[in-house]
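In: This is a predicted model, with the sequence first.
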Amino acid sequence: MSATTFGSGIRRREDPRLITGNASYTDDITLPGMLHAALLRSPYAHARINGIDTAQASEAPGVVAVYTGADTEGDIAPAPCAWLLPDSDLKIAEYHCVAKDTVRYVGDIVAVVVAESRYQAYDALDLIDVDYEPLDAVVEPKKAAADGTPQLHGEIEGNQAFHWTVTGGGDIGEAFSQAEVVVKETIVQQRLIPNAMEPRATLASYIPATGELTVWNTTQNPHIVRFLCSLVIGVPEDRLRVIAPEVGGGFGSKIAVYPADFITIFCSKKLGVPVKWVESRSENYQATTHGRDHVQEIELAATADGKITGLRATVWAGMGAYLSTAAPGIPTILHGLMLSGVYDIPAIHEDVYGLYTNTTPVEAYRGAGRPEATFMVERLVDLLAAKLGLDPVEVRRRNFIPKFDNGHDVVTGLTYDSGNYDGALNKLLGESNYEQLRAEQAEARKNGRYIGLGLSTYVEICGLGPSQVAGAIGFQGGLWESAIVRFHPSGKVHVMIGTSPHGQGEETTFAQIIAGELGVSPDDVKVIHGDTDNTPMGWGTYGSRTTAVGGAALALAARKIRDKAKVIAAHLLEAAVEDMDYDDGKFFVKGSPDSSKTIQDIALMANVAWNMPEGVEAGLEATTFYDPPNFVFPYGAHLAVVEVDPDSGNVDLKRYVAVDDCGPQINPVIVEGQVHGGIVQGIGQALWEEGVYDDDGQLLTGTMLDYALPRADRLPDIEVHSTVTPSPHHPLGVKGIGEAGTIASTAAVYNAVIDALAPLGVEAVNMPLTPERVWRSIQAAQGRN
Amino acid sequence: MFAPQFDYYRASSVAEAAALLEQHPDAKVLAGGHSLIPVLKLRLAAPSALIDIGRIDGMRGIREEAGQIVIGALTTHSELAASATLQSGATALSEAAGMIGDPAVRNRGTIGGNVAHADPASDLPAVLRCLGAEFAIAGSSGTRTVGAADFFEGLMTTAVEEHEILTAISIPSGSGGQGSAYAKFSHPASRYAVIGAAASVTVADGVCSAASVALGGLVPAPVRATAVEDALAGKALSADAIADAARCVGDSLADDEVLGDVYASAEYRSAVAHVWVSRALTAAAARCG
Amino acid sequence: MEFNSEYEFDAPPEAVFDSLTTPETVAGCLPGCESLEPLGDDRYEAAMTIGVAAIKGRFRGTVAMRDMQRPDSFTLQVDGKGSTGFARGEASIEIAPNGTGSTVAVQSSAKVGGPIARVGQRLLVGTAKMVADKFFACLRKQVEGKPDRS
Amino acid sequence: MTIPVSITVNGRRYDREVEPRLLLVHFIRDVIGLTGTKVGCDTSQCGSCTVLLDGVSAKACTCLAVQADGASVTTIEGLADDSELHPLQESFWNKHGLQCGYCTPGMIMASHELLRCNSDPSAEEIRHGLEGNMCRCTGYQNIVRSVRDAAETMQGGTS
């Protein structure tokens, strides 16, 4: 590999268009004759629709059409759920894109207006009169499971979407009955609103004469959008082109294919002109999928010297009113299978109940299942340390899975690929000067100041994933990735990938992979993605999989090119193929590096092709469909330092140090950026963010005025370090890094706050750790003492 | 989001604005727009017309006259924050203005618009109550002046009648030995005040000879914390004296008036208000030169 | 949303009760009330504008008086909607003698939805209190037959 | 009702008839077609729509086009001098100050304001200066670095 390209922190190739305002996001695209759609959404969390009067709206200035559920009947199939969790009694409620007779969350779509301008479309929404008959609502997952609770879907008993279990290792009952120490906690993983800065949008253009449909969509996975649109709207895939232009972040919220997308397409098809729909931020809060929303009852069994002997949990996971595209897999597969964390735990059992509630559907949100698992395990380990009077470092060390570099089985059934968890922790302790921090903490306590240190040691499953496994766990698709590498005559390269990054920087890192494999400059490589007409099928960017799976596909395609190029080079140099050698873009006869052909020479010959070896086709391109043999398992150790003001309950995050291991880094600057962003999202969950519904299902944090996102002035510098443990099964040894920070940081910050408050007797506070919650926990603890 | 339709009239004088308000009974006054436009975009209001006073000459700027600092209603928060006159003569006001929203908001938002909207969570009302401001209000029948105690009548309600315009705000120039400060518990999302405490103290012969403390954020309209003021009278402003006095703040908060929301309950706000009162007093005391 | 308050009247409970249950008086005192048309059976169709300062919404809906126990108590049920959202609520109103006058205790709870719930929730209770205060101040003037004391 | 306005954007004057309710950001994006300025929220919180209005930063979603009549607006498209990037653009590129890029135009314009008011800001001052602009990708760390780097470049120092 070329040392100057692979592994170097070069500037991103995406940026020139983004920093000059020249990039086109979906809402930036305007087509001739385009109309605008606006959606009327239910203000009730649960209500029967007794009638809809659209007469006045239809007559309003600029209005071209108004459609209700009755108008879309037969033209838009219910929105599909694509993760059919096996062995879980999964019950999928029909998700009508436009509500038929009942609305089940604030934001459920009731009607659509198409008008000449957005202002006119919104004016007309105010003129639609809907006769609602309000019904009782239920918003908390555990309440939804209780007897006598309002039922969302008559045919689905007890609001239960599924009941999934994982059992592994020894007898869990015995582990607890024999335990010398047991620690327990109930954790609320609050509801989070992803808040990609770009709101969701769809532009659909249907040409009646040809039956061709083009859809621009803010999506993380354009090929899945095409596939599902063809099923739901009935436009065949050969006439359906989906384009994810510039996409402004997703964090899981742009995985699902939404009712709004199907409705916009329906409108274009019905009217024969382009139609665009763009959500407002408050609409995003109501209708774009949320994340987390678990109630977790957890307990850990251990010996008196701190060795973990069992972990048991029951989780109530709120799914929202309907099951979003990938939702059932999040609190189950991506959560329950990770409960061993970085520890050797001999017995694990978890029950997960997925429950329908009168709330916005829940989906993957950065980390998706794994932050919830890490938080559980890291909380329990800290509780165990507190109970035994040991430093949290010590309890972790006593339970870490020892260093391994080619496979380690955990009792949940996964095989971790490689890891050195103690190594990461040691590096963290050194970089943060942990011993000194503990001394400073002790000193501060003497002076009445409450400083806390919080650790989080994590491992995550990513690079989703082997297709056989995906099938076995009910995902309605393989999870392979594809890449086409095409050399043009002048030696410039086009790379077409099926996955679709949306801010992560793969236009740069993938060019670096090609540079590393084929010795061309990254500047000579154009990475094409996000257009189903120009790219091979692929599954998209989520689960930290684009580099881990798509990158592998690309590396293998490049190696195919190298093999073919070697044959051509041998022919041109009149040597035997087996005598050829390759280094950094040059092919030469072994021992004679001066007589060589560059990859550019070969590209020219392969494309003009007037002197090709016998039986070798013209062209220099290769296609690979890569199906990973296993997942990849990045890991790391994080430390947060906080100070709590006991008078107000305010938490001040003073320092944050991270050590992450994602294997070899293609571009360390981009890796560091992913870690920064991920950490801050996890800090957001710990300290500020919460989607709050009242008991009637009204979203009280309905705008950015109420939902607190992390801001620059509330954060310290984030210190990022790394270790490098290659994945044994990946062609480049790389793992994923997109979610690592989020998976680790919530627990680190939470543990730090509890550590700070330990002298006051506080053991638990619900997240987010707002000043009032912290203050109340102090008051309660002081009352007890 | 997209506001409903309204008509628009640009006034070039206070008299013209007052006349336009008479002609359009359902109209709203537009200055910087940072209170009004968000409300319009969310369709929480649908006035028939906006009367834009943003270009009226002479309603902008800060000047000193006859022991008063006179601030034109169109003066922006940025101008308040950067004003040397205020920084020395009414520190709490420039300090609070610098904490409103963010730089872009401060560049457009005006003091007049802010106080006329009188959002309970906004910063300036408490400061102006603390500093004993007077408000000049103009209507078609002339102008009148109202003191801060009478200006803020209740939740988002001021002494400015429907057909009137707030034109200027004056505050007494600071005297020797006086210092003022504003301390804010900022909402992490909206940046509005969960609790805002403004304090002005005068020290003579080493003891507090005058104190004014006002609270905003947690009450429908700013209130003076007279119990705190009384507790400070005649005391040397030590850390303990300030903390003890600040703890009297609850006596000035009527239980049924304290506002709560999903982020911070009324009970909590009442219980911790003393922390910010104490901070404001400490900073104000340190500024008594 | 929950809202409780008490109001003192310098008039006997009967007079207060009668005033509070007379549609014309209520319509005249309720801030922003545009109309209150009887539907029979102590139900009325109402149209009103509610709001504070710049935030204002026009609502229409029904008002019903239930469990009338003259002069002690009655229940008010309100169901209204407008472009800024909807509100459904119930208020129990108890009138107790207090010396020569009476005390009116209002205990109400409401379900509020739509845009006002989403963005205005921090102002809802304050607004309700302001509307109620104005209403009772006006009513007091009418019942006591003399200028508002406050 | 429509109102005639004359607004100069990036040095070019646009005379248009607009509805009074039209926001400046929609004037910029939809009327004259400069889509670099983004809309990220509806409550003046996110800062994606930040532009320079008569030289100082403003949130174009909280300003009516009629209020900007006669004003001069600079958007992200007008920041670069012909083909040469503005030092802030260079620094955001060099220091990896962006990921998805959606907040970036507003972030760069807000940074422009920050450096106008304080040409040599500390990291903490930068964090405060960007309090009105939200980014969900970067955790702000590299944005702070970018602004610091631009400050040094613009002062003629070395980064």
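Out: Sure thing, it's come through.

In: Flag the shaky bits of chain C, pLDDT-wise.
Out: C:120, C:146-150 (pLDDT under 70).

In: Let's see that with 90 instead.
Out: Residue ranges of chain C with pLDDT under 90: C:1-5, C:23-33, C:40-41, C:48-59, C:78, C:80-85, C:87-89, C:110-135, C:139-150.

In: residues contacting the residue in chain D positioned nearest to chain B?
Out: When C-beta to the nearest C-beta is the measure, chain D has its nearest residue to chain B at D:Gly132, with 2.3 Å between them. For glycine as for every other residue, the C-beta is placed from the backbone atoms N, C-alpha and C. For D:Gly132, the residues meeting the contact criterion (C-beta atoms under 8 Å, 6 or more residues apart in numbering or on different chains) are B:101-105, D:45, D:47, D:50, D:59, D:110.

In: Please repeat the previous calculation with a cut-off of 7 Å.
Out: For D:Gly132, the set of contacting residues under the criterion of C-beta atoms under 7 Å, 6 or more residues apart in numbering or on different chains consists of B:101-105, D:47, D:110.

In: right, and B:Gly260 touches B:Ala266 too?
Out: Yes - B:Gly260 sits in contact with B:Ala266 when judged by C-beta atoms under 7 Å, with a separation of 3.5 Å.

In: Which residues of chain D lie near chain C?
Out: Remark: no part of chain D is in contact with chain C, using C-beta under 7 Å from any C-beta of the partner chain.

In: where's the one residue sitting closest to the centre of chain D, which helix or strand?
Out: Of all residues in chain D, the one closest to the mean position by C-alpha atoms, centre = their mean is D:Met109, 2.7 Å from it. Secondary structure from DSSP states H and E places D:Met109 in helix D:104-117.

In: show me what contacts the residue nearest to the centre of chain D?
Out: For D:Met109, the contacting residues are D:50-52, D:57, D:76, by C-beta under 7 Å, 6+ apart.

In: C:Ala27 too?
Out: For C:Ala27, the contact set (C-beta under 7 Å, 6+ apart) comprises C:33, C:36.

In: Convert the host helix or strand of B:Leu20 to CSV, retaining C-alpha atoms only.
Out: Under DSSP H and E, the secondary-structure element containing B:Leu20 is helix B:14-23. The C-alpha atoms that make up helix B:14-23 are tabulated as CSV, following Å, rounded to 0.1, in the frame of the first residue of the first chain:
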residue,chain,number,x,y,z
VAL,B,14,-43.9,57.4,15.4
ALA,B,15,-47.0,59.5,14.5
GLU,B,16,-47.4,57.5,11.3
ALA,B,17,-47.0,54.2,13.1
ALA,B,18,-49.6,55.3,15.7
ALA,B,19,-52.0,56.3,12.9
LEU,B,20,-51.5,53.0,11.1
LEU,B,21,-52.2,51.1,14.3
GLU,B,22,-55.5,53.1,14.6
GLN,B,23,-56.4,52.1,11.0
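
In: Go ahead and name everything in contact with it.
Out: Applying C-beta under 7 Å, 6+ apart, the external contacts of helix B:14-23 come out as B:9, B:11, B:27, B:51, B:53, B:56, B:138-140, B:163, B:165, B:167.

In: Just name the closest of those residues to chain C, please.
Out: Within the contacts of helix B:14-23, proximity to chain C (C-beta to the nearest C-beta) peaks at B:Ala27, which comes in at 11.2 Å.

In: returning to what we had before: the helix holding D:Met109: what's the following helix or strand?
Out: Assigned by DSSP H and E, the successor of helix D:104-117 is helix D:123-129.

In: Could you check how far that following helix is from the centre of its chain?
Out: Counting by C-alpha atoms, centre = their mean, to the nearest Å, helix D:123-129 is centred 17 Å from the centre of its parent chain.

In: quick one: average pLDDT of it?
Out: Per-residue pLDDT values across helix D:123-129 average out to 97.

In: Which is the succeeding secondary structure element to the helix holding B:Leu20?
Out: Downstream of helix B:14-23, the next assigned helix or strand under DSSP H and E is strand B:28-30.

In: hmm, that following strand touching chain C?
Out: Yes - Strand B:28-30 reaches chain C (C-beta under 7 Å from any C-beta) through B:Lys28.

In: Contacts for the helix or strand just after that strand next, please.
Out: Scanning forward in sequence from strand B:28-30 by DSSP H and E, the next helix or strand is helix B:36-41. Contacts to helix B:36-41, defined as C-beta under 7 Å, 6+ apart, come from residues B:1-3, B:28, B:30, B:45, C:54-55, D:42-44, D:62, D:64.

In: Stretch A:271-287 too?
Out: Residues external to stretch A:271-287 that are found in contact with it (C-beta under 7 Å, 6+ apart): A:27, A:31, A:33-37, A:39, A:41, A:64-65, A:106-107, A:114, A:193, A:199-206, A:208, A:260, A:264, A:267-268, A:288, A:360, A:699, A:702-704, A:707, B:1, C:118, D:40-42.

In: Out of those, which end up buried?
Out: Neighbour counting with 16 or more other C-beta atoms under 10 Å in any protein chain shown marks A:27, A:31, A:34-37, A:39, A:41, A:64-65, A:106-107, A:114, A:193, A:199-206, A:260, A:264, A:267-268, A:288, A:360, A:699, A:702-704, A:707, B:1, C:118, D:40-42 as buried within the contacts of stretch A:271-287.
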